[in-house]
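> Give me a model of this one.
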Amino acid sequence: MIVPFYLGEQPDSEGRAITEIWAWNFEELEYVHNYIQWLFPLPEPSAFNSHAPIVDEQVIQSFHSNPRLRQNLLHSFTVMLQFYGLQRQESEDGKIIISKSEDYGNRKGEWVCMFNHNYLRITRILKCLMTLGLENEAQGFYECLRQIYQEDSNQIGSKTFHYWTIAVKGNEF
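Predicted coordinates for the structure are as follows:
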């Protein structure tokens, strides 16, 4: 179900097209909770959404081999970066850099705070990017999150940062 959804050929379990979700405002992205599993699917079931898709090896290979799927995943990632007040850039040598945007000061209050559900979303995003072929974006995002954690470790917490680290580095860090 996830490949046709990502290609814009089929809606999610709630009848929403991917382009509709991409067009949501920040309030919708914050308060609707059953879309993140569709934008960033994983190989394991969601503890929060029984209708969430689960990717298998065939889906993973589809994302790795189909540039349009990866481009649409990158679009989903860009939508969430904007929500977090972050931006994606590519350096001259091709390195992906995620950094704070001009809107970071306004957006930070929505998610950099104790026990925020967006921390779980970020773990999911990192894992998904690593699984579906956008490892460079995941690494760039992690580096940005590491800097934010250094500034606000009292709000994020070491356990959360540990989950983010495992999401991009596995258990070998």
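> For A167, list the residues it contacts.
123, 126-127, 130, 138, 142 (CB atoms under 8 Å, 6 or more residues apart in numbering). From N, CA and C alone the C-beta is placed, and that goes for glycine too.
> Adding distance to F40, write the residues you listed out as CSV.
Conversion of these to CSV gives the following (distance: CB to CB, whole Å):
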residue, distance to F40
T123, 10
L126, 9
K127, 8
M130, 11
A138, 11
Y142, 15
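> Assign E28 to helix, strand or coil.
Three-state assignment for E28 (DSSP: H, G, I helix; E, B strand; the rest coil): helix.
> Can you give me the neighbour number for it?
By the measure other CB atoms under 10 Å, the count of residues near E28 is 13.
> Distance-wise, check it relative to I54.
24 Å (CB to CB, to the nearest Å).
> Repeat that for I18.
17 Å.
> Of these two, which one has the most company?
Higher neighbour count among I18 and I54: I18, with 22 against 14, using other CB under 10 Å.
> who touches that one in this structure?
Applying CB under 8 Å, 6+ apart, the residues near I18 are 5-6, 8, 12, 38-39, 72, 76.
> just Y149 next, same as before
Counting by CB under 8 Å, 6+ apart, Y149 touches 156, 161, 164.
> Could you say which helix or strand holds the residue nearest the centre of the chain?
In the chain, the C-alpha nearest the mean C-alpha coordinate belongs to I125, at 2.7 Å (CA atoms, centre = their mean). Using DSSP states H and E, I125 sits within helix 118-131.
> Okay, buried residues for that helix please.
118-119, 121-131 (16 or more other CB atoms under 10 Å).
> go on, stretch 2-19?
The neighbour-count check on stretch 2-19 (16+ other CB under 10 Å) flags 2-3, 5-6, 11-12, 16, 18 as buried.
> The residues you listed: which two are farthest apart?
Greatest spacing in the buried residues of stretch 2-19, by CB to CB: V3 and R16 (16.3 Å).
> Surely Y84 and R107 touch.
Yes: using CB atoms under 8 Å, Y84 makes contact with R107 at a distance of 5.8 Å.
> between those two, who's got more neighbours?
More neighbours surround Y84 than the other of Y84 and R107, with 27 against 18 (other CB under 10 Å).
> Any chance you could list what contacts whichever strand or helix holds R88?
Assessed by DSSP H and E, R88 sits inside strand 86-90. With CB under 8 Å, 6+ apart as the test, strand 86-90 has contacts from 77-78, 81, 96-101, 104, 137, 140-141, 144.
> Okay, helices next: where are they in the chain?
2-6, 18-22, 26-31, 36-39, 57-65, 67-84, 104-111, 118-131, 135-156, 158-169 (DSSP state H).
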